[in-house]
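Novice: I'd like to go over a predicted model; first the sequence, then the structure.
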Amino acid sequence: MTNDEISEVLSNISNLLQIQGDDTFRARIYDRAAEAIDVLSADLHQLAEEERLRSIPGIGQAIEGKIVEMLETGRCRFYDDLVEEMGAEVLDLLAIRGVGAKTAGRLYRELCVKSLADLRAAIDGDRLKQMKRMGAKTIATIDEGLRFLETQQAMRPLWQILQIASTVFEALKNCSDVKRVDFTGDFRRREEMLRSLDFIVECADTGAIVEVLSGLDGVASPIIQADLHIAASVDRGFPLRVHCVSAEAYEAALLATTSTDAHLVRLNQIAAAQALEAIGQPPPDWSANKTESDLYGKLGLPFIVPELRGDANSIEAALAGNLPTLIETSDLRGDLHTHTNWSDGRHSIREMVEAAKAVGHEYIAITDHSQSSRVANGLSPERLQEQIQQIREINTEIDGIEVLAGSEVDILRDGSLDFPDALLAQLDIVVASVHAGFSLSETEMTERMIRAIENPFVKIIGHPTGRLLGQRPGYAVNLDAVSDAAAAHRVALEINASPSRLDLEPSAVRKARVRNVLLSVNTDAHATAQLQHGAFGVNVARRGWLTKIDVLNTYSLAALKETIS
DNA sequence: GCCGTTTTCGGCCCGACTGTTTTCAGTCG
C-alpha cells in the first residue's frame, strides 16, 4: 500500500471510531497519524525497513503495528472489522457540509442513520427534530448540504476515475481482438465532473470485451447490451460503457459519442442543409471511412477539438472563423502558486524548486499561507521575512529556474489583507485568497474580493469561488463584477489546477476572457508530485476557450516580471 | 492511542463562527 492509501485508512478509522462514540482523544490520534503520513516526504516501506516508523510524531506502538500489517498484507483487520460492523457508507455522512464526526455519530447511534439514503429518509420523515440541539436552522443546513451531494451522486471528479480509466484503456488496448481503442464521451471532452466513463473500440467480438473487463480489479458486472454496447460499473456504481464499432464507422461513431447532444444536433442541422443523412447510430454511408477531420470538413467546418464539443457555440464560432487556438500544457512556463513545509506543504523550498525545474518550468513562486490560516501553519510576518531571505539565497544557488518570493495571503472578512502593505511590497508576487468566512452575502463577498483586487500588491486572486469538486459549492459572489475589477486593475484570476478544486470552472473562465481578464493556471501544489497537475488546469482553460496569451504563466520570465511589477 | 514527565498516568488542541443555548457544542479551514 502507498503512503496515501495508508493515510486514508487511518483517517477512516478515526472517523469510524468517533461515529461509534469512542474516546475522542483516541480517535483523533488516528487522524493525527494520518495527517503526519500525508505530509511525509519519505516512503513508509523504507521507514518500516529501517524500523523508523516510530520516529514519525504521533505514531506509537499500536499504529506502527497497523502500518506494518498494511505494508505486508495490504489489509488492516482492525479497520476491516469496523467497516464490517458499521458499513463503509456511514463515512459518506461526513462529506455533508455542517456534519462532522459528532453529528454523524449522533445520527448513527440515535437514529440508526448509516448512509446518505438513510439520512434523506430521516429528514423527510421529520426524525431529526427529536434530537437535542437540533434546531430548524441546523436541520436546514444539513438538508441543503445533503441536497448538494445528491446532485453530485451520479457524477465523479475526473481525477477520481483517472486510475481505473487508464487501467481499462490499457487492458482494451492489449486485447488481441481489439484493433483500435479511444476514450470518448465526457472523459474525452475533459469534463472535470464525469457522468460516465466511455470507450470506443474497433472489435467484432463483444464477448472478448466482456472477458477483458471481467478480469479487471475494480470493474463490476460487465454485460452485453443491444447494439454492440457493453455496460459495466466502476468506483461504486459509476457507469462504464464500451462502444464496439466497425473500422468503417469508427471515427463517425467517435465524433457522435464525443459530442454532447447540443453539439451533434447543430452538426446534423448543417448536414441536413446539405441533404446529408444525420451522423448517429448507425453512422450514415457518407461518413464511412472518414476521419473526424474529414467529417467536420465535409460540413464546411474546421476540426473542433473534443474540449469544445460540449455545446454548439464552438460550431457558431467556427462558422464565423473565430475558433480560438487553445492553450496547451506545454505553453505553461511557470507555476505561481505553490506551498512548502514552511506552512502546510510536504516538501522544502529547495525540493519544490528542483521539482519545478524537472517539470520544465522557467520560474516558480513560493506562496505559503499567511498568519490567519493557523491550521495551515500560516507564516507570521517575521517568518515570512525569514523565508524571503532564504528564497533569495536559494535563487542565487540554483541555476536554470527563477524562484519568486510570494505569499498566498488571506483576504480577511472586510477585504483587507492578512499582511501589511509594507511587507507585501517586499514580495515578487502576491496571490490573495479567501480561506474563511464563506457565508457572507453575495454583495459582501463581492465587495470583499474587489477590495482585495484594488490592493496594488495583489497580482492573482487564488481559487476565486472556493468550490471543492463534488464536495462544496463555491461561495456566493458576483463573478462578473469581480472580473471587471480584475480586468481594470490587471489582476489575474486563477484557474486553480488542483484536481479537487478546478476553480474557476470553464463557463466562468469563458466569461472572464470575454471581459479581458488575465488568467493564471497554477497548481497550488502542496507536494512536489502535484507540480504536474498543470494539465488539469489546462483542461479547464481549454474548455473556457483560452489561448496562450490569455494566461499569465505562459509569459516569459521577463514579460511576467514586467506584468507584475 | 500518544506523549512526556523531575517517568507509567493525566492531559491531549487553534481560533472564528454559528446555532442553540443562557454558557456551550460543533464545524470548518
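Specialist: Cool, the structure landed. Being a predicted model, the structure only gives us computed values, none of them experimental. Numbering: from 1, shown residues only, chains lettered A, B, ... in the order given.
Novice: tell me which other helices or strands the helix or strand in which A:Arg513 is found touches.
Specialist: Per DSSP states H and E, A:Arg513 falls inside helix A:506-514. Here helix A:506-514 touches helix A:479-488, strand A:519-522, helix A:534-543, going by 3 or more C-beta pairs under 8 Å, 6 or more residues apart in numbering; DSSP states H and E. C-beta here means a position set from N, CA and C on the backbone, and glycine is covered the same way.
Novice: which other residues reach that helix?
Specialist: With contacts defined as C-beta atoms under 8 Å, 6 or more residues apart in numbering, helix A:506-514 is touched by A:192, A:464-465, A:479-480, A:483, A:486, A:493, A:495, A:504, A:519, A:540-541, A:543-546, A:550.
Novice: CSV for the helices and strands packed on helix A:506-514, including mean neighbour count, distance to DNA strand B and mean pLDDT?
Specialist: Below are those laid out as CSV (neighbours: other C-beta atoms under 10 Å; distance: least, C-beta to the nearest atom of the strand, whole Å; pLDDT from 0 to 100):
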stretch, mean neighbour count, distance to DNA strand B, mean pLDDT
helix A:479-488, 19, 19, 97
strand A:519-522, 30, 17, 98
helix A:534-543, 25, 20, 97
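Novice: and A:Ser330, which of these is closest to it?
Specialist: helix A:534-543 (9.1 Å; C-beta to C-beta).
Novice: just the C-alphas of the closest one, formatted as PDB.
Specialist: Once non-C-alpha atoms are left out, helix A:534-543 reads as follows in PDB (Å, rounded to 0.1, in the frame of the first residue of the first chain):
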ATOM      1  CA  GLY A 534      -1.000  21.900 -14.500                       C
ATOM      2  CA  ALA A 535      -2.600  19.700 -17.200                       C
ATOM      3  CA  PHE A 536      -5.800  19.500 -15.200                       C
ATOM      4  CA  GLY A 537      -6.000  23.300 -15.100                       C
ATOM      5  CA  VAL A 538      -5.200  23.500 -18.800                       C
ATOM      6  CA  ASN A 539      -8.200  21.200 -19.500                       C
ATOM      7  CA  VAL A 540     -10.300  23.900 -17.800                       C
ATOM      8  CA  ALA A 541      -8.600  26.700 -19.600                       C
ATOM      9  CA  ARG A 542      -9.200  25.000 -22.900                       C
ATOM     10  CA  ARG A 543     -12.900  24.300 -22.100                       C
END
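Novice: got a list of what A:Thr258 touches?
Specialist: Residues near A:Thr258 by C-beta under 8 Å, 6+ apart: A:Thr184, A:Gly185, A:Arg188, A:Arg189, A:Pro306, A:Arg309.
Novice: tell me the pLDDT at the spatially closest residue to the fourth one that is not a sequence neighbour?
Specialist: When you say that, I think you mean A:Arg189. Leaving aside its chain neighbours, A:Arg189 sits nearest to A:Pro306 (4.9 Å; criterion: C-beta to C-beta, 6 or more residues apart in numbering). On pLDDT, A:Pro306 comes in at 98.
Novice: now the residue most central in space within chain A: how far from A:Pro306?
Specialist: With distances taken as C-alpha atoms, centre = their mean, A:Pro499 lies nearest the centre of chain A, 2.0 Å away. Going from A:Pro499 to A:Pro306 by C-beta to C-beta, to the nearest Å gives 19 Å.
Novice: again with A:Leu336
Specialist: For A:Leu336, the distance to A:Pro306 equals 28 Å [C-beta to C-beta].
Novice: neighbour count for those two, which is higher?
Specialist: Neighbour totals were compared for A:Leu336 and A:Pro306, and A:Leu336 leads with 28 against 22 (other C-beta atoms under 10 Å).
Novice: name the element the more buried one belongs to?
Specialist: Using DSSP H and E, A:Leu336 sits within strand A:334-338.
Novice: what score does the residue in chain A sticking out farthest from the centre have for pLDDT?
Specialist: For chain A, the residue at maximal distance from the C-alpha centroid (C-alpha atoms, centre = their mean) is A:Ala275, at 43.4 Å. With respect to pLDDT, A:Ala275 has a value of 94.
Novice: residues contacting A:Ala317?
Specialist: By C-beta under 8 Å, 6+ apart, the residues touching A:Ala317 are A:Leu323, A:Pro324.
Novice: element containing it?
Specialist: Here A:Ala317 is covered by helix A:313-319, with elements defined by DSSP H and E.
Novice: so which bits of that helix are buried?
Specialist: For helix A:313-319, a neighbour-count test (16 or more other C-beta atoms under 10 Å) marks A:Ser314, A:Ile315, A:Ala317, A:Ala318 as buried.
Novice: among those, which two are most distant?
Specialist: So for these, where distance means C-beta to C-beta, the most widely separated pair is A:Ile315 and A:Ala317, at 7.3 Å.
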